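Enquirer: Whatever this is, show me its structure:
(one chain, ligands or ions: 1)
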Amino acid sequence: MNSVAPDVLTDMVDYYRARAAEYDEWWYRQGRYDHGSEENGRWFAEAEEAYAAFDALHFTGDVLELAPGTGIWTERLLKTAETITAVDASEEMVAINRVKIGSDRVSYLIADLFTWQPDRQYDGICFGFWISHIPTERLDGFLAMIADALRPGGKVFFVDGRREPRTTAKNHVLPEEGVQVMTRILNDGRAYQIVKNFYDPGALAAQCARAGLDVTVRETATCFLYGAGTRR
Ligand SMILES: C[S@@+](CC[C@H](N)C(=O)[O-])C[C@H]1O[C@@H](n2cnc3c(N)ncnc32)[C@H](O)[C@@H]1O
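Expert: Residues are numbered from 1 along each chain as shown. The predicted model follows:
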């Protein structure tokens with residue numbers, strides 16, 4: 001698999017900054033993400049499965065949320081966590097998250113996760129729909145960063161998409177096996193290059209284990225992959 005050129009990572013930030021206002025259409029299956037009531041129903045039912053796995057982990061204490069976006073998972077996290085440190089490269093995403101969540105228990109940092117390093121340990125770390133955007137050649141380094149930033153016994157949760165065309169917009173084409181870059185299009189037609197990887201649950205769990213993270217990785221029937229576990 002070819003490694004990802006640095007300009008793709010820059011383009012990916014530009015894409016999410018420009019997409020912030022229309023981002024939630026994806027999660028709520030609206031506009032180009034509306035694949036009809038049957039497919040949408042499947043999506044929402046499987047999202048409930050991921051939510052249930054997240055809730056079962058029961059994050060408490062000080063939690064780090066990476067790439068929080070508009071706050072779909074921040075909102076859920078705040079039900080049990082004491083504080084959240086939310087790190088995202090997009091000011092536009094963070095502005096929406098801040099208004100939606102409206103809590104002084106959440107601290108926001110605008111930073112590039114490919115260079116940012118945590119300066120403390122947390123009781124938990126959560127990242128929704130972020131692991132697929134990490135180039136494969138950077139994944140070991142990312143998982144090592146997660147393990148370092150978790151106290152022993154600290155909790156980790158992630159969720160992401162499976163390789164299923166109906167999970168994305170009707171005018172998006174998923175990358176072929178062995179390719180980690182795809183084109184994403186906004187409602188106004190602007191196009192960007194982003195990283196999008198799909199993981200085998202067993203291989204990903206093994207990679208987490210090598211980093212010191214005991215994570216159970218599961219897939220829902222069609223749409224999602226999620227991991228829940230702890231730092232050894
Ligand atoms: C697919 S969204 C996930 C948002 C949210 N976690 C969710 O599940 O809805 C990806 C997020 O990653 C952020 N992002 C993209 N590149 C980044 C980078 N280099 N550093 C930090 N955040 C980045 C985007 O701004 C966006 O908020």
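Enquirer: Show me which strand runs longest in this structure.
Expert: strand 150-161 (DSSP state E).
Enquirer: is the ligand contacted by that strand?
Expert: No. Judged by CB under 6 Å from any ligand atom, strand 150-161 and the ligand are separated, with a smallest distance of 7.1 Å. (Each C-beta comes from the backbone N, C-alpha and C, glycine too.)
Enquirer: Okay, now the sheet partners of that strand, with direction.
Expert: strand 122-128 (parallel), strand 224-231 (antiparallel) (DSSP bridges).
Enquirer: model confidence over the last one, on average?
Expert: Right, the one you point to is strand 224-231. Looking at strand 224-231 alone, the average pLDDT works out to 98.
Enquirer: same thing with stretch 5-22?
Expert: 98.
Enquirer: mind checking the SS state of the closest residue to the ligand within the chain?
Expert: Nearest to the ligand, among the residues of the chain, is residue 69, at 2.5 Å (CB to the nearest ligand atom). With DSSP: H, G, I helix; E, B strand; the rest coil as the basis, residue 69 sits in coil.
Enquirer: okay, how far is it across stretch 75-89, tip to tip?
Expert: End-to-end distance of stretch 75-89 (CA to CA, to the nearest Å): 19 Å.
Enquirer: Same question for stretch 185-199.
Expert: 23 Å.
Enquirer: and it, which residues are buried?
Expert: Buried residues in stretch 185-199, counted by 16 or more other CB atoms under 10 Å: 185, 192, 193, 194, 195, 196, 197, 198, 199.
Enquirer: right, and the fifth one touches residue 13 too?
Expert: No. The pair formed by residue 195 and residue 13 falls short of the contact definition of CB atoms under 8 Å, at 11.2 Å.
Enquirer: Can you name the next helix or strand after the longest strand of the chain?
Expert: Downstream of strand 150-161, the first helix or strand assigned by DSSP states H and E is strand 181-185.
Enquirer: And that next one, what does it pack against?
Expert: Helices and strands touching strand 181-185, by 3 or more CB pairs under 8 Å, 6 or more residues apart in numbering; DSSP states H and E, are helix 6-19, strand 191-195.
Enquirer: if I pick residue 184, what's in contact with it?
Expert: Counting by CB atoms under 8 Å, 6 or more residues apart in numbering, residue 184 makes contact with 15, 19, 172, 191, 192, 193, 194.
Enquirer: make it 7 Å
Expert: By CB atoms under 7 Å, 6 or more residues apart in numbering, residue 184 lies in contact with 15, 172, 192, 194.
Enquirer: how about the second one, what does it touch?
Expert: Residues in contact with residue 172, defined by CB under 7 Å, 6+ apart, are 184, 185.
Enquirer: phi, psi of the residue minimising distance to the centre of the chain?
Expert: What sits nearest the mean C-alpha location of the chain, by CA atoms, centre = their mean, is residue 129, with 2.2 Å. Dihedral angles of residue 129 (phi, psi; degrees, to the nearest 10) stand at phi 50, psi 40.
Enquirer: where does this structure come near the ligand, residue by residue?
Expert: Checking the chain against the ligand by CB under 6 Å from any ligand atom, the hits are 9, 12-13, 16, 67-69, 72-73, 88-90, 93, 112-114, 128-130.
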